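Q: have a look; sequence and predicted model below, questions after that.
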Amino acid sequence: MNPETVIDAVSAVFMVVGALMSLGAAIGLLRFPDLMSRMHAATKPQVLGLFLLLAALGLQMRTWWVWPVLLVAWLFQLLTVPVSAHMVGRAGYRTKHLHPELLSSDELEAVVQKAAQKAAQKTANHGVDDDDAGR
Amino acid sequence: MNRKRISLRQELPLLVWLVFVWGALWQNFSPGNLLFGALIAVLVARIFYLPPVELGGRFNVLRAVPFALIFLGKVVAASFQVLYLAVVRGPNVVSAIVAVPLRSHSDLLVTATGHVISLIPGSLVVEVDRSTSTLYIHGINVRNAEDAAKLRKEVRDTEAGLIRIMGTKDELSALTQELAA
């Protein structure tokens, strides 16, 4: 077997698995029940999927100077994906876009309740309602 | 404007990163191009001033490489797990929101831990309490207290790994004491 065939085979496997990851994300978006579990499907498998596709691209280009660009592209994906997932998840939790019956436990709810109570007390005591209630 | 001057040493990682991005985007790492990139990096860092990231003062490469490899392995394993859950379990998947108190109070480590744990499929940071440095994590397929404990342990282990790579000396000695106890 010559190296060309090996490289072709490896990049073929990478591309198919990478595409499979994107397919998994699509299936997850369709089948998961609520916003937060959908966020898992929408953001995470692409981290691996993009990595495999970029690696396959790098293998096929056969020039070293393409690797830094691919690395930068992947690193920016790594930096931005958790932030967007967190922002959507957080907004979803605050606007109650979730199914409590599908959570086996929710350790954030008690904290939120306590903070809301505290804020309510504060407004009752001072008669001001323009403070940052709910935070 | 009264901005705190940043020492060159503190700014160096940012400048090196900017020069690398410059070279990567031009796909040209010749000395002339890098020099011009460095000039632009310094200008950008001066004009678009951001508060400096407070680094721990140490970075252990020997710990970072295995950590990165384990991270990649976890991403692969968890991606297939989420794919399996999506196809098989679908609408009946049960999740949980788990509170994980972290050891470190440094912004950099809390952010890094949150990032790493968010990038591994199956966990997602919903809320961060900065005052107590507690992460509230939404974990998929967490059906009972046992699964929740497993998720909590994984997050704490991730943080421990990051402390070993780039935590301050105090955090590191606190960690070794905790593990020895």
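A: Thanks, I have the structure now.
Q: list the contacts of residue 46.
A: Looking at chain A here, since you left the chain open. The contact partners of residue A:46, by C-beta atoms under 8 Å, 6 or more residues apart in numbering or on different chains, come to A:21, A:22, A:25, A:77, A:81. C-beta here means a position set from N, CA and C on the backbone, and glycine is covered the same way.
Q: what's the third one in contact with, if anything?
A: Listed by C-beta under 8 Å, 6+ apart, the contact partners of residue A:25 are A:41, A:42, A:44, A:45, A:46, A:49.
Q: show me which of the contacts of residue A:46 are buried.
A: A:21, A:25, A:77, A:81 (16 or more other C-beta atoms under 10 Å in any protein chain shown).
Q: so the first one sits against residue B:78, correct?
A: No: Residue A:21 sits out of contact with residue B:78 when judged by C-beta atoms under 8 Å, with a separation of 11.3 Å.
Q: give me the most central residue, chain B.
A: residue B:112 (2.1 Å; C-alpha atoms, centre = their mean).
Q: show me where chain B has strands.
A: B:95-101, B:123-129, B:134-139 (DSSP state E).
Q: please identify the deepest-packed of those.
A: strand B:134-139 (a mean of 25; mean count of other C-beta atoms under 10 Å in any protein chain shown).
Q: hmm, that one in reach of chain A?
A: Yes: contact of strand B:134-139 with chain A (C-beta under 8 Å from any C-beta of the partner chain) involves B:136, B:138.
Q: circling back: adding secondary structure, write the contacts of residue A:25 out as JSON lines.
A: Shown next, in JSON lines, are these (DSSP: H, G, I helix; E, B strand; the rest coil):
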{"residue": "A:41", "secondary structure": "helix"}
{"residue": "A:42", "secondary structure": "helix"}
{"residue": "A:44", "secondary structure": "coil"}
{"residue": "A:45", "secondary structure": "helix"}
{"residue": "A:46", "secondary structure": "helix"}
{"residue": "A:49", "secondary structure": "helix"}
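Q: pLDDT weak spots in chain B?
A: Applying pLDDT under 70 to chain B flags the ranges B:1-6, B:56.
Q: and which of the buried ones among the contacts of residue A:46 is nearest to residue B:103?
A: For these, the residue nearest residue B:103 by C-beta to C-beta is residue A:81; the value is 25.1 Å.
Q: how near is the closest one to residue B:117?
A: In this view, residue A:81 and residue B:117 are 12 Å apart by C-beta to C-beta, to the nearest Å.
Q: narrow the contacts of residue A:46 to those in helices?
A: A:21, A:22, A:25, A:77, A:81 (DSSP state H).
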